[in-house]
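> What shape does this take:
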Amino acid sequence: MAIDSTCLEDHHASRHYLHRIGRTKHYSHYPKLTLAVDVDTHLILAALPGRGPNNDAPYFPPVLRAAHQQVNIKQVLADMGYDSEAHHVLCRSLGIRRSVIAVNKRGRRVWPKAKYRRQLQRCFPNRLYRRRAQIESVNSRLKRRLGSALTARTDSTRDAECYFRVLTFNLMILRCRL
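Numbering: from 1, shown residues only. Take a look at the predicted model:
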């Protein structure tokens with residue numbers, strides 16, 4: 001299983017397009033969707049809508065717990081935005097044997113002092129970590145197939161639309177397997 005987040009557009013014109021035509025305005029926040037994905041099947045196991053720009057780390061525990069309620073998880077892959085010793089400890093407390101989260105060097109200190117982060121720094125499983133690219137593929141596919149712009153205007157309806165997109169995405173994957 002892998003965890004990552006992706007940004008969505010809050011209107012039909014992308015920020016890139018608005019910047020290109022010179023109508024850029026500062027957006028204080030935008031919709032963000034944190035996903036837990038099965039890297040073998042590309043099914044989304046758990047999702048949590050939120051607002052960006054902000055740190056990804058606070059979304060890790062609720063998404064991991066929600067995914068853990070759905071399936072038995074053996075390993076978790078995440079990028080360095082989720083690097084925290086507390087996240088490794090949470091994985092072990094849920095019975096997840098392996099958590100591969102890229103170590104964020106955080107300035108000059110090269111060797112982390114915490115147990116699990118130090119183990120990863122010593123012997124990082126690059127071959128296993130490459131499977132994390134599957135969640136980037138899911139993020140891209142979700143936006144290409146269902147669009148990156150949300151049509152809802154309030155935060156609560158945007159959250160609901162995000163959940164409906166996740167449900168629709170999973171149904172599309174299941175339909176292709178039949």
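> so K32 sits in a strand?
Yes - the assignment for K32, made by DSSP: H, G, I helix; E, B strand; the rest coil, places it in a strand.
> which one is it nearest to, not counting chain neighbours?
Closest residue to K32 apart from its sequence neighbours, by CB to CB, 6 or more residues apart in numbering: G52 at 3.9 Å. The way it works is simple: take the backbone N, C-alpha and C, and place the C-beta from them, glycine included.
> before we move on, what about R145?
In space, and not counting its chain neighbours, R145 is closest to M172: 6.7 Å by CB to CB, 6+ apart.
> count of residues packed around the one you found?
Other residues within reach of M172, judged by other CB atoms under 10 Å, total 13.
> Which strand or helix spans it?
According to DSSP states H and E, M172 maps onto helix 155-177.
> could you dump that helix to CSV, C-alpha only?
Once side chains and other backbone atoms are set aside, the C-alpha atoms of helix 155-177 remain, and they are given as CSV (Å, rounded to 0.1, in the frame of the first residue of the first chain):
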residue,chain,number,x,y,z
ASP,A,155,-16.0,22.9,1.2
SER,A,156,-18.5,20.3,2.4
THR,A,157,-19.8,19.6,-1.2
ARG,A,158,-16.2,19.5,-2.5
ASP,A,159,-15.4,16.9,0.1
ALA,A,160,-18.4,14.9,-1.0
GLU,A,161,-17.4,15.3,-4.7
CYS,A,162,-14.0,13.9,-3.8
TYR,A,163,-15.5,10.8,-2.2
PHE,A,164,-17.7,10.3,-5.2
ARG,A,165,-14.7,10.5,-7.5
VAL,A,166,-12.9,7.9,-5.5
LEU,A,167,-15.9,5.6,-5.6
THR,A,168,-16.3,6.2,-9.4
PHE,A,169,-12.6,5.5,-9.9
ASN,A,170,-12.7,2.2,-8.0
LEU,A,171,-15.8,1.1,-10.0
MET,A,172,-14.1,1.9,-13.2
ILE,A,173,-11.1,-0.3,-12.2
LEU,A,174,-13.4,-3.1,-11.1
ARG,A,175,-15.4,-2.9,-14.4
CYS,A,176,-12.3,-3.3,-16.4
ARG,A,177,-11.4,-6.5,-14.6
